[in-house]
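Undergrad: I'd like to go over a predicted model; first the sequence, then the structure.
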Amino acid sequence: MNLILTGDIGGTKTSLALFRGPAERLTMAGLATYASHAAASPLELIDRFLDENGRPALAGACLGIAGPVVGGTATATNLPWTVSEAKIASHCALPRVILINDLLATACAVPLLPVDKFLPLNNVAFPGQGPIGLIAAGTGLGEALLIPHRARYLPCASEGGHQDFAPQTDQQCRLHRHLARQHDHVSLERLVSGPGLAAIYHFLHTEAGQPESPLGGEDPGAHIAAAGMGGTDPLAVEALTLFATLYGAAAGNLALVGLTTGGICLGGGIAPKIAPILSGGAFMDAFLAKGRLSTLLARIPVRIIMDSQAALWGAAAHFLQASKPD
């Protein structure tokens with residue numbers, strides 16, 4: 001029974017995997033991805049995945065979920081799901097289940113990933129020490145920290161994506177007012193996320209007095225990103241540039257909060273897809289625009305995580321670490 005079930009439960013998709021230990025020889029033994037909205041709860045997806053893999057005997061499970069985890073219970077931020085370790089363990093007859101925030105799972109993978117799984121956004125070498133910050137835009141916005149402790153890193157979850165959006169320019173102030181008419185709280189996640197990109201695009205159309213182009217589909221942010229990357233829609237290009245600016249500012253704030261001299265990593269599904277935009281200058285300009293602390297931030301390496309399965313590897317590593325005897 002050395003198989004571990006891991007999961008990355010997000011607002012758009014849920015990925016599940018099987019891993020075989022031990023930690024020093026961790027290997028993936030199965031993988032599948034499902035549309036989250038196609039199920040009433042993650043238990044349906046877990047059952048489906050285990051059935052597809054012959055219901056193997058498991059040592060336990062570690063599942064990352066996009067939302068706060070308190071006392072072994074998690075409520076998904078962008079899904080109508082509430083799950084608990086006890087309920088999953090009972091339903092699946094598992095000896096141990098660990099629920100963690102999805103960014104915590106990705107954070108656990110950062111020290112394990114090879115260099116070729118990262119894309120640098122600046123020319124600063126990673127020092128191999130110091131706190132590391134992780135920020136990830138996808139269906140929502142997540143943040144986490146890795147704190148050095150003896151010979152390893154301790155991951156710290158947060159809900160930093162829900163902190164207030166702080167506009168820095170006249171245009172951003174108008175964007176804030178535009179969103180404040182729609183929402184009680186204008187958080188970073190309202191802008192630095194897939195739905196946030198769509199909100200920025202809608203705002204730019206409103207400012208320009210133009211009818212908005214029909215986007216269709218369940219993921220308008222993906223259509224806007226594609227149009228912006230392809231240069232086929234000038235307002236999509238502008239929306240992507242503003243998105244990169246806001247993403248960079250948020251990453252810079254996280255670097256200050258955690259004093260992340262060990263680096264900043266960008267996770268999530270959006271960054272790898274728009275890497276040329278993030279490399280174009282707007283992101284790093286906003287990252288560095290912190291007044292007297294700009295010189296400090298200029299010494300912090302910034303990288304995009306290019307491995308879409310990082311959270312699954314991190315969840316497996318976390319399970320094995322948590323299962324070690326004290």
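TA: The structure has been received and is ready for your questions. Numbering: from 1, shown residues only.

Undergrad: CA atoms of stretch 23-32 as CSV?
TA: Output in CSV follows, covering the C-alpha atoms of stretch 23-32 (Å, rounded to 0.1, in the frame of the first residue of the first chain):
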residue,chain,number,x,y,z
ALA,A,23,9.8,10.2,-1.2
GLU,A,24,13.3,9.8,-2.7
ARG,A,25,11.8,7.8,-5.7
LEU,A,26,8.4,9.4,-6.1
THR,A,27,6.8,8.4,-9.4
MET,A,28,3.4,9.1,-11.0
ALA,A,29,1.3,6.0,-11.6
GLY,A,30,-1.9,7.5,-13.0
LEU,A,31,-3.4,10.9,-14.0
ALA,A,32,-6.7,12.3,-15.2
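
Undergrad: now the stretch 101-250 of the chain, which segments are flagged as low pLDDT?
TA: Along the stretch 101-250 of the chain, segments meeting pLDDT under 70 span 212-217.

Undergrad: per-domain residue ranges of this protein.
TA: 3-101+309-322, 114-306 (automatic domain parsing).

Undergrad: roughly how far out does the last one sit from the chain middle?
TA: In other words, domain 114-306. 11 Å (CA atoms, centre = their mean, to the nearest Å).

Undergrad: Check the first one too.
TA: Mean-position distance between domain 3-101+309-322 and its chain equals 16 Å (CA atoms, centre = their mean).

Undergrad: picking up where we left off before, for Ala107, which of the domains of the chain is the nearest?
TA: Of all the domains of the chain, it is domain 114-306 that lies closest to Ala107, at 4.2 Å by CB to CB. C-beta here means a position set from N, CA and C on the backbone, and glycine is covered the same way.

Undergrad: end to end, how far does that closest one reach?
TA: 11 Å (CA to CA, to the nearest Å).

Undergrad: and if you look at stretch 119-136?
TA: 14 Å.

Undergrad: now stretch 256-266
TA: For stretch 256-266, the end-to-end distance is 16 Å (CA to CA).

Undergrad: Would you mark the buried spots in stretch 40-52?
TA: Neighbour-count burial for stretch 40-52 flags Ser41, Pro42, Leu45, Ile46, Phe49, Leu50 (criterion: 16 or more other CB atoms under 10 Å).

Undergrad: returning to what we had before: in a markdown table: the domains of the chain, plus distance to Cys108.
TA: Below are these laid out as a markdown table (distance: least, CB to CB, whole Å):
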| stretch | distance to Cys108 |
| --- | --- |
| domain 3-101+309-322 | 3 |
| domain 114-306 | 5 |
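
Undergrad: isn't Ala61 right up against Phe319?
TA: Yes - shown here, Ala61 and Phe319 form a contact pair, counting by CB atoms under 8 Å, at 7.4 Å.

Undergrad: any common contacting residues for the two?
TA: Residues touching both Ala61 and Phe319 by CB atoms under 8 Å, 6 or more residues apart in numbering: Ile4, Thr6, Arg96, Ile98.

Undergrad: Make a PyMOL selection of whichever of those residues turn out to be buried.
TA: Remark: buried members of the shared contacts of Ala61 and Phe319, expressed as a PyMOL selection using 16+ other CB under 10 Å:
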select buried, resi 4+6+98
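
Undergrad: Tell me which two of the shared contacts of Ala61 and Phe319 sit farthest apart.
TA: Thr6 and Arg96, at 12.8 Å, using CB to CB across those.

Undergrad: Can you check which residues contact both of the two?
TA: With CB under 8 Å, 6+ apart as the test, Thr6 and Arg96 both reach Ala61, Phe319.

Undergrad: Which residue ranges of the chain form strands?
TA: In the chain, the strands defined using DSSP state E lie at 3-9, 13-20, 27-35, 60-65, 69-70, 73-75, 82-84, 97-101, 118-120, 132-137, 141-149, 152-157, 263-267, 302-305.
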